[in-house]
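**Q** I would like the atomic coordinates for the input below:
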Amino acid sequence: MGYMTAVPHPHSEAAGPARTGRRSLAVALLSGALGAAVALLATRQRWSEGTTTVAGGNFPLTATGSDVTGVPAALAIVGLAALVAVFAVRKAGRFLVATLLALSGAGTIAAALLGISDSSALDEKAAQASGDTSATVEALTHTAWPYLAAAGGALILLAGLLALRYGRHWPAMSGRYERDGAPRPRRKPATIDPDRPEDLWKALDRGEDPTGA
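**A** The predicted model follows:
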């Protein structure tokens, strides 16, 4: 007596990648958009502070993320644009855009972490406040905002890695397809009555050949 081998249904086989694609798409959109927002917000906040000596007293100095470096904000904008562009391209183009998205996240992390030890912005402010070009900042301290900028970059990087791994399952913007991916049915040409001149004129307006040739 033979044994029957269960054959997997084609719809069940296709449902797995489709479900994974939808989940990865949702996570990538959320992490990419949130990461860009966090990085942009963090660069506008106070990253470091210190003092310099002016007229025998201590003069407070502060520097925002944009004062320290403009790289995280710029890369966050690039990453956000790449996240949107992922859906406008396919195949090799999508891979390249996803790579750009991941690199934007990695660059944001690196720039934010390097900005923690960068005192050049406060040194410049110290020189301006004291009138001494050789003056430097004293009692330098940092806030948590650079680390939050790096965390935003990590979210952008995650979106890029998801796009590289699962991007082939994501939908692409196209005027030829409906939202479900099915091609739009073409409209059937209107019936033309050769005995009615108005039908002939309407056909010409639509760019159709009223003679049917």
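
**Q** output whatever helix or strand residue 152 lives in as CSV - backbone C-alpha positions only.
**A** Per DSSP states H and E, residue 152 falls inside helix 145-166. C-alpha atoms of helix 145-166 as CSV (Å, rounded to 0.1, in the frame of the first residue of the first chain):
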residue,chain,number,x,y,z
TRP,A,145,22.1,64.0,22.4
PRO,A,146,25.1,62.7,20.4
TYR,A,147,24.2,59.2,21.5
LEU,A,148,20.6,59.7,20.5
ALA,A,149,21.8,60.9,17.1
ALA,A,150,23.8,57.7,16.8
ALA,A,151,20.7,55.7,17.8
GLY,A,152,18.8,57.5,15.0
GLY,A,153,21.5,56.4,12.6
ALA,A,154,21.2,52.9,13.8
LEU,A,155,17.5,52.9,12.9
ILE,A,156,18.3,54.2,9.4
LEU,A,157,20.9,51.5,9.1
LEU,A,158,18.4,48.9,10.1
ALA,A,159,16.0,50.1,7.4
GLY,A,160,18.8,49.9,4.8
LEU,A,161,19.7,46.3,5.8
LEU,A,162,16.0,45.3,5.6
ALA,A,163,15.8,46.8,2.2
LEU,A,164,18.8,44.9,1.1
ARG,A,165,17.5,41.6,2.5
TYR,A,166,13.8,41.8,1.7
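
**Q** which helices and strands sit right next to that helix?
**A** In this structure, helix 145-166 makes packing contacts with helix 10-43, strand 46-54, helix 65-68, helix 71-85, helix 91-116, judged by 3 or more C-beta pairs under 8 Å, 6 or more residues apart in numbering; DSSP states H and E. For every residue, glycine as well, the C-beta is placed using N, CA and C.

**Q** reformat the ones you listed into JSON lines and put mean pLDDT next to each item.
**A** Listed next are the helices and strands packed on helix 145-166 as JSON lines, based on pLDDT from 0 to 100:
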{"stretch": "helix 10-43", "mean pLDDT": "82"}
{"stretch": "strand 46-54", "mean pLDDT": "90"}
{"stretch": "helix 65-68", "mean pLDDT": "93"}
{"stretch": "helix 71-85", "mean pLDDT": "95"}
{"stretch": "helix 91-116", "mean pLDDT": "95"}
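
**Q** nearest to residue 152, out of these?
**A** Closest to residue 152 of the helices and strands packed on helix 145-166 is helix 10-43 (C-beta to C-beta; 3.3 Å).

**Q** now the helices and strands packed on helix 145-166 in TSV, with distance to residue 157 and mean neighbour count?
**A** Shown next, in TSV, are the helices and strands packed on helix 145-166 (distance: least, C-beta to C-beta, whole Å; neighbours: other C-beta atoms under 10 Å):
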stretch	distance to residue 157	mean neighbour count
helix 10-43	8	17
strand 46-54	21	19
helix 65-68	18	22
helix 71-85	9	21
helix 91-116	3	20
